[in-house]
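Q: Predicted model and sequence follow; I will ask about them next.
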Amino acid sequence: MKTDLLSRKADYIGITGSVLCIIHCLITPILMMSTALMKHDELRFGYLSLDYLFIIVNVIAVYFATRHHASPVIKRSLWGFLTLFAVAIILEDASEVFEYLGYVASAGLVITHLINIRQHRLVHVH
């Protein structure tokens, strides 16, 4: 029963996780420069480790979104953007390119989840 509910809401969870990740990534540099709060290493580490939480949330969302009803193109797109997203987040300290790649992958996840929701509705209407 719980997995059925998770399967129905997986696209919404994925969209929420990706949008929150984009907001987090945009706000982090501002917070790092402007607040004395981030001078404490444990708070800074906790805030930066949210990146890995976003990866986990998106893995779960993509898994459940592609489990049953997604078309092969949507499945490949979601898994491809998720892989790109995870690699970009993990390697973002290596080069600035990975930071921008993370934004692109996150936006790709949002758009693909929206397309999956739309296709899912069209299939169930007919």
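A: That came in fine, so what should we check first?

Q: helix or strand right after the worst-scoring helix or strand of the chain on mean pLDDT?
A: Taking mean pLDDT, DSSP states H and E as the measure, helix 41-48 is the helix or strand of the chain with the lowest mean score, a mean of 57. Next along the chain after helix 41-48, taking DSSP states H and E as the criterion, comes helix 50-65.

Q: Work out the gap between stretch 88-96 and the centre of the chain.
A: 15 Å (Cα atoms, centre = their mean, to the nearest Å).

Q: in that stretch, what's buried?
A: Buried residues in stretch 88-96, defined by neighbour count with 16 or more other Cβ atoms under 10 Å: Ala88, Ile89, Glu92. (Each C-beta comes from the backbone N, C-alpha and C, glycine too.)

Q: what would the residues you listed look like in CSV with distance to Ser49?
A: Output for the buried residues of stretch 88-96, formatted as CSV (distance: Cβ to Cβ, whole Å):
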residue, distance to Ser49
Ala88, 16
Ile89, 11
Glu92, 13
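
Q: and the residues you listed, which of them are in helices?
A: Judged by DSSP state H, the subset of the buried residues of stretch 88-96 located in helices is Ala88, Ile89.

Q: and which of the buried residues of stretch 88-96 is nearest Ala61?
A: Ile89 (15.0 Å; Cβ to Cβ).

Q: Now for the closest one: which residues touch it?
A: Asp51, Tyr52, Phe54, Ile55, Phe98, Gly102 (Cβ atoms under 8 Å, 6 or more residues apart in numbering).
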